[in-house]
Structures are given as C-alpha cells and as structure tokens.
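Chemist: give the three-dimensional model of this entry:
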Amino acid sequence: MGKTLVIAEKPSVGRDLARILPGPFEKKTGAGEKTERWLEGPEHVISWAVGHLVQLAEPDEYDDKYKKWRMADLPIVPARFKLVVRDERSQKQMSVVRQLLRRDDVDVVINACDAGREGELIFAYLFEKAGAKKPVKRLWLNSMTNDAMREAFGQLRDGEEMATLEDAARSRSEADWIVGMNATRAATIRLRSSFDGAVSLGRVQTPTLAILTRREEEIRAFVPEPYWLVDARFAAEGERTYEGRFHAGAKPRVGTAEEAEAIAAAVRDRRGSITKLEKTTRKEKAPLLYDLTSLQREANTRFGFSARRTLAAAQRCYEEHKALTYPRTSSRFLTSDMVPELKPIAGHVGEHKEYAAGAAYVAGLDLLPLSRVVDDAKVGDHHAIIPTNASHKLEKMNDDDRKVYDMVARRFLAVFHPEAVFENTRIETTVSEHIFRTRGKVLVVPGWRGVYGEEADDGAPRDEDDEGRDQTLPKLEQGEGVETRSVEVLAKETKPPRRYSDASLLGAMETAGKLVDDDELREVMKESGIGTPATRAAIIERLIDVGYVERDGRALVPTEKGMNVIRLLGEHPLTSPSLTGDWERRLAEIERGDQERKRFMADIAKFAGSTVGELDAKLKDVRIPRANLGPCPVCGRDIVENRKGYSCWGREDPGCGFVIWKSKAGKNMPPAIAKELIARGRTEKPVTGFKGRSGRSFRARLALMQNEEGRWRVEFDEPWAKEGAKPPEAEDEAAAATPVAATSGTGDDESAAA
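Modeler: Modelled structure (predicted):
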C-alpha cells in the first residue's frame, strides 16, 4: 500500500497535522542543508508550500521585447499564463515538493492549504508547476484543534469538488495580472516626466485610493463656518441640578455671536420651568459575531491596530494557539450542525475568570437563542470567527493576540445574552420663551452588555451639537420651576469630514464605497465589496508601500503623488468602487458555478484593452507642473522641484549645489514641507509618514542644517534624534473606552502592479 502526500501552506501547519496522523514522523532535510523540508511517517508524507511558492510570470518571460515598456506592446494578454517559482529560497522547497509528488510510493495527494480561495490557488499553481497528475483530495479546516483536524481528515473532499473554487482563484489572480500590469505600464510610460518610478495601478488598489483621495479633496475644499451654542445650568428645588442646551427648532446652532449673547442675557439669573419631560425605553440587540472585516474595524477603533496587524494576531490565535477558528471569513453566522458545540465552547471560554459569569449564563440556558446566530444560507467557505472547542492557554499569547482573543470571546458569549435595556429621558426647560433641551440615559437591564461590564459605553456616535452629552439626571417632574444658575456662550466652527482610518476604510471597501453602518444592510452588500476580507489589509499596506498613502496616527492620508494619480485618471472606470465590486460579485458566482470563467476573463481582457487606450489618450501630453519654492538661501536663485528633490540647479544651470532630497526615512516630502524648511529653517509641527526600521510609522519635526563641509542637510529636529536614539513609533496602542458594539495575508490582489 502506497503513502499519502499531505501539502500544507506553512511548516507550522504541517507539524500540527503530524500530531494527529499515525506516526512516528521523521524530520527530513534537503540535500546538504539543515532546513527541515518534509516529515516522513509510516502512512503519510507531509510537506508545505511556505506561502506562494509559485506565481504568474512577468511579461518578459513571454517575450524579451516586454523588458522595455512601450505603449505599442500593450495590452499584454497571454493566451496561456506561465508559472514561475517565486525566488531562490522558494526554489529549494519547490524542488523537494516536486520530488515528493513524483515518488512512486505516493498514491494520493491531500491539499491541506488554507481552506479558501487563496489556499486553493497556492496548491493549484504548485501542482501545475510540478507537472503532477496524481489524484487529489481536499482537507477543509475551520479550526486547528486536534479534534477538528481529525474530523476534517475523516471528511476529505474529492479534488473535483473544488474545481469552481480553483476557477475563481485563477480568475482573480489572472485578472489582477492583466489589469494591474497593463494599467501600470500604460500610466508609467505616459507619466515618466512627472513621476519618479512606476505609477502603480490595480483592479483593487486604484478604487481604494480613489475613496481616500476624494475624501481628502472634500477636506481641502472645506470652508469652516462659525456658529455659537448656548448652554445653561439649571437647579430645581433641593439642589437637583442638570444642564441644557438652547434649541431653536431642530438644531441648536445660533448664527451670530450677538444673537447668542442676547439669548444668554435673556435667561441669565431668570426662573424657568420644565415644560416637557419624556421617558422612553430602548432595547439594544447584541452585535453579530465577527467576520474578519468587522474584527479588523473594531480592533482599529479600540486599539489603533492596522488591518494587517489584526489579521496577523487572529492568524496566530488560529494556527499557533488553536484558540480561534479560521479568521479569513466573510460570514458572521454559524451553521446548524455546530449547535451542539456551542455550549461546550462557552464552557472552555469560561475556564478563565474574566469570562466565567457570561459563560455560566450561556451554559445555564435550556435553549440557546439561535435565530440571529445560525443561518446555513449565510455561511460560505467559513463560518464566523469564534473561540474553539478546546482549552486555551491565554498566558502564552502576546498582547496583540490576547486583545483579539478577548474581543472574539466576549462577542461570542454576548450574542446569546438578552437585549440591553436603556431608559432615555428627554427634557425641555423653558426660560423667557427660550427652550433648552437635555437628555439622559440609564442602563436599566445590562443584558448582553453585562459580558463587557455594566459601565460599558454603548458605542453610539455622539452629536455634540444635539442636547449635549447624556447625563445622569436627578429625579425631575414636568411643570417644576427651576433657577438658571449659569449660562455660557460657546464659539464653534463646522468641521470637515474625517479622514479614513483602517476601520472606516475597511467598511467602505466592504460596501463598495458606500457609507453603511447597519449590520444587516452590510450583509446584503458584501458580495459587491472591493477585495475580500483576506486581501483588504494587504491592499492598504500596498498603497502605503508605493507612496500613495501615509499613516498619521490612525488616519490614512493620501500623498501628493496619490492625489495626482487619481486626479489624472479622472472618472476612469478603474477608479470606480462599483466596478471592482461588480467583479468581486462575479468571482463569487464563478466559485458557486453560476458563471463561466471564460466569459469573465474575456471581459477582463476587453477592459484592459480599453483602459490602455484611454490612458494613452488621456495622459499623452500631461505634465504635472513643478513647484517653485522661492529663492535659494545660499545663492538666491529660484529653487525648483525635480524628480528626486528641490534644488537651485538643473541641466543648464549648475547653481550653488543646494538641494533638499525628497526621500527621507521612507517618506517623499511634498513641496509644502520643503518650502517651510527653506523659509524658516525648521518645521513648526511634526511631519507625519516616516518609517522606522521596524516598519512602523512615526512623526518628527525637521530642521535644515549645515554639516562641517558646509553642505545643507535635512535632519530630524528632535531630542531623541540628537541623542542617537530610535524614533518613537506612532502611538497606535491608545485604547479608547471599551466600545463593544463598534461596528500578512497571502492574497495580495495587486501582485501584478509592479
């Protein structure tokens, strides 16, 4: 009887699988090296892909003429895509896997890569490149616990069942290659004189960049308008005090300072009365279970984690700690066959004292409330992220992993708890015919909020221009007389829209650019989102890596290059979130077998051709004007922008040699910063977007300084820099108050956009 070859995605997963298969397993290394390459057991051979061992070939692999970027050669649409091994390190592992696939004693191959579209692609490319022909079975894992792995090996799927998933995976990869490669080459060829380096465009990254830049345009065009608020403090008999805000109609804003002062003067030291007092009860359901996007959004809101950082922590909780189920999911529901496992899972979560009370409640229910939790129709490849049915050693987790586990564990327990009940009070106080409004809120029945502690904030947005913040109110009655103890006029300005954070951008990507907060409505729109839960984090990081976006604390800020790219593209379909959202929907249809891959790829090729033509025509004579920053501080000649810096010299004029280079610590400095340095010698405020050696962003003031040779340099103007210390990393750990209801992947959709 022959052996079965199991191919996992990573070495750690391969070792875990060896734990539950018949052993013993012997570690095997490559010829003449010490690196572990596979495990050999009596019935199974286990090896791994180490991520993407094989990828689509670059254009010059098809024809040497593509080594030069020429518009006449576009579009490039291969009749059949070539595969290449990624790099030299991958080549060694690929050689081992190829040899294992060709062994005479191997009868069957099990694809044990991640159970999803990208895992299917990793195996399909590897299997094809190796020229393998042996029968394939599919291991489909939702959890890395021993029981879950044993169960999955007992329910292996035939490889033919995964044909449509493989079709969708190949279509995604090839579509991104075709669109990204052709659009990037066309834009770069036409904009060589304007930009240093490639102008990276892609099927997913470009509409995502468009969302960010259009918000930035709104912010830059915003003109603040002044307004005034009038706040008063009232006292009923017995020192029962409360605060109110003046309202004229629906809104409290007063148009002029004179009018606001007149209102304040009219009520100051006057008596009034409570003319309206209404109490209403509001019930609040527990939030749905997490999918990856909602987990990333809330981790960003609460802890400042980037999307990539949250995914990495969730992946470790899944692979290393075996504490969470598969994280790269787009579902927030569970399947009906999981119902018997739910109480045991709660029991394992409750082994830790911080979850004990919530877990005990769930365990004590005769019947679990399942209507909002279980829905087979809303579970695709993977169910929602929940804790696993195993004991978890939380002390072995690092801080990031512990926070992510805590979010998932509490959300899992909360979803089985009853609604929280609030008593809302709204009061109108009338003084000299002027109406002041007050609101108060009391958590009457904690319900699911008890899992988070009764003092938990409700996570709802606050409108500071409404009746003010919720207050804890004394007992008051309608018709009571009150004294006006104090009155204050507050000068305010309207504020521009907020920049996107990882949380809000992930939300916009999930709904193809539309602002949707309602959980149920978001579920309906998911199929038309930009990218997939597994790839969105990589897209955000890609935009940062190519210099289109910078982090400023939690905000994502487009650079001038990013802004200019979208301005130049204008209303091109490539910038439309709805277009790529429609493609994602079609990829899901291919996966379900509802659409032919051939038809989708024909449309992609047609789109790439029209895109090349449009970019050629639109960008042919475009020249982005170079900034003139004024006189050189050394020789007085004009300092002008060039591709790599700002200097007083050019091809025809050597000038004095003064230059401010654009690139510093991973950031391209815009003209405004250079202009401030030239005029003032230093920046007044810290400049954002620098990257430390760890890859994390930081901000710092800059100064223009002369070295001993008399040459001018831009240095960090900070005490830590002068002392030779490392730059302080951006404070992305600052946790907000616990908002419980806030609403390193392998699949980079932009791999072709070189």
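Chemist: and the nearest residue to Lys691 once chain neighbours are set aside, how many neighbours does it have?
Modeler: In space, Lys691 comes closest to Gly666 once its chain neighbours are excluded; the distance is 3.4 Å by Cβ to Cβ, 6 or more residues apart in numbering. Backbone N, C-alpha and C define where each C-beta goes, glycine included. The local packing of Gly666 (other Cβ atoms under 10 Å) involves 17 other residues.
Chemist: residue contacts, Gly666?
Modeler: 689-691 (Cβ atoms under 8 Å, 6 or more residues apart in numbering).
Chemist: closest to Asn111 out of those?
Modeler: Asn111 has its nearest neighbour among the contacts of Gly666 in Lys691, at 37.4 Å by Cβ to Cβ.
Chemist: isn't that closest one right up against Lys667?
Modeler: Yes: taking contacts as Cβ atoms under 8 Å, Lys691 lies within contact range of Lys667: 7.1 Å.
Chemist: rewinding a little: now the contacts of Gly666 in CSV, with pLDDT, secondary structure and distance to Gly131?
Modeler: Listed next are the contacts of Gly666 as CSV, based on pLDDT from 0 to 100; DSSP: H, G, I helix; E, B strand; the rest coil; distance: Cβ to Cβ, whole Å:
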residue, pLDDT, secondary structure, distance to Gly131
Gly689, 79, strand, 47
Phe690, 83, strand, 48
Lys691, 79, strand, 42
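Chemist: and of the residues you listed, the nearest to Met338?
Modeler: The closest of the contacts of Gly666, once distances to Met338 are taken by Cβ to Cβ, is Lys691, at 42.8 Å.
Chemist: what residues are bridge-paired with that closest one?
Modeler: Ser697 (DSSP bridges).
Chemist: likewise Val54?
Modeler: Val85.
Chemist: pretty sure it sits against Phe127.
Modeler: No: using Cβ under 8 Å as the test, Val54 is too far from Phe127 to be in contact (9.1 Å).
Chemist: how near is the residue nearest to Lys691 to Arg643?
Modeler: 18 Å (Cβ to Cβ, to the nearest Å).
Chemist: how about Val54?
Modeler: Following Cβ to Cβ, the distance that separates Val54 from Arg643 is 36 Å.
Chemist: which of these two has more residues huddled nearby?
Modeler: Between Val54 and Arg643, counting by other Cβ under 10 Å, Val54 is the more crowded of the two (23 against 12).
Chemist: ok, that one - contacts?
Modeler: Val54 touches 83-86, 90, 94, 122, 125-126, 128-129, counting by Cβ under 8 Å, 6+ apart.
Chemist: format those as JSON lines; extra columns: distance to Trp177 and pLDDT.
Modeler: Below are these laid out as JSON lines (distance: Cβ to Cβ, whole Å; pLDDT from 0 to 100):
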{"residue": "Leu83", "distance to Trp177": "11", "pLDDT": "97"}
{"residue": "Val84", "distance to Trp177": "12", "pLDDT": "97"}
{"residue": "Val85", "distance to Trp177": "17", "pLDDT": "96"}
{"residue": "Arg86", "distance to Trp177": "14", "pLDDT": "92"}
{"residue": "Ser90", "distance to Trp177": "18", "pLDDT": "91"}
{"residue": "Met94", "distance to Trp177": "20", "pLDDT": "95"}
{"residue": "Ile122", "distance to Trp177": "16", "pLDDT": "95"}
{"residue": "Tyr125", "distance to Trp177": "12", "pLDDT": "97"}
{"residue": "Leu126", "distance to Trp177": "18", "pLDDT": "96"}
{"residue": "Glu128", "distance to Trp177": "15", "pLDDT": "97"}
{"residue": "Lys129", "distance to Trp177": "16", "pLDDT": "96"}
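Chemist: which one among the residues you listed gets closest to Arg170?
Modeler: Nearest member of the contacts of Val54 to Arg170, counting by Cβ to Cβ, is Tyr125, at 8.5 Å.
Chemist: surely that closest one touches Leu83?
Modeler: Yes: the pair Tyr125 and Leu83 passes the contact test of Cβ under 8 Å, sitting 5.5 Å apart.
Chemist: intersection of neighbour lists for these two?
Modeler: Common neighbours of Tyr125 and Leu83 (Cβ under 8 Å, 6+ apart) are 54-55.
Chemist: those two: which has the busier surroundings?
Modeler: Taking other Cβ under 10 Å, Tyr125 and Leu83 do not tie; Tyr125 has more neighbours (25 against 16).
Chemist: am I right that that one is in a strand?
Modeler: No: going by DSSP: H, G, I helix; E, B strand; the rest coil, the assignment for Tyr125 is helix, not a strand.
Chemist: so what's it up against?
Modeler: 52-55, 83.
Chemist: cool, and Ile46?
Modeler: When the contact criterion is Cβ under 8 Å, 6+ apart, the partners of Ile46 are 5-8, 14, 17-18, 21, 25, 38-39.
Chemist: which SS state does it fall under?
Modeler: strand.
Chemist: use 526 as the first number for this chain going forward.
Modeler: Done: numbering now begins at 526, and the last item shifts to Ile571.
Chemist: hmm, who's touching stretch 857-870?
Modeler: By Cβ under 8 Å, 6+ apart, stretch 857-870 touches 813-816, 819, 887-888, 893, 895, 898-901, 903-904, 908-909, 911-914, 937, 941, 1044, 1048.
Chemist: using PDB, write out every CA atom in stretch 642-658.
Modeler: The C-alpha trace of stretch 642-658 is given here as PDB (Å, rounded to 0.1, in the frame of the first residue of the first chain):
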ATOM      1  CA  ARG A 642      -9.700  30.900  -2.500                       C
ATOM      2  CA  GLU A 643      -6.000  31.800  -1.900                       C
ATOM      3  CA  GLY A 644      -5.200  28.500  -0.400                       C
ATOM      4  CA  GLU A 645      -6.700  26.800  -3.400                       C
ATOM      5  CA  LEU A 646      -4.600  29.000  -5.700                       C
ATOM      6  CA  ILE A 647      -1.300  28.200  -3.800                       C
ATOM      7  CA  PHE A 648      -1.900  24.500  -4.300                       C
ATOM      8  CA  ALA A 649      -3.200  24.700  -7.900                       C
ATOM      9  CA  TYR A 650      -0.100  26.700  -9.000                       C
ATOM     10  CA  LEU A 651       2.300  24.400  -7.200                       C
ATOM     11  CA  PHE A 652       0.600  21.200  -8.500                       C
ATOM     12  CA  GLU A 653       0.600  22.500 -12.100                       C
ATOM     13  CA  LYS A 654       4.200  23.800 -12.000                       C
ATOM     14  CA  ALA A 655       5.400  20.400 -10.700                       C
ATOM     15  CA  GLY A 656       3.600  18.600 -13.600                       C
ATOM     16  CA  ALA A 657       1.800  16.400 -11.100                       C
ATOM     17  CA  LYS A 658      -1.000  14.100 -12.300                       C
END
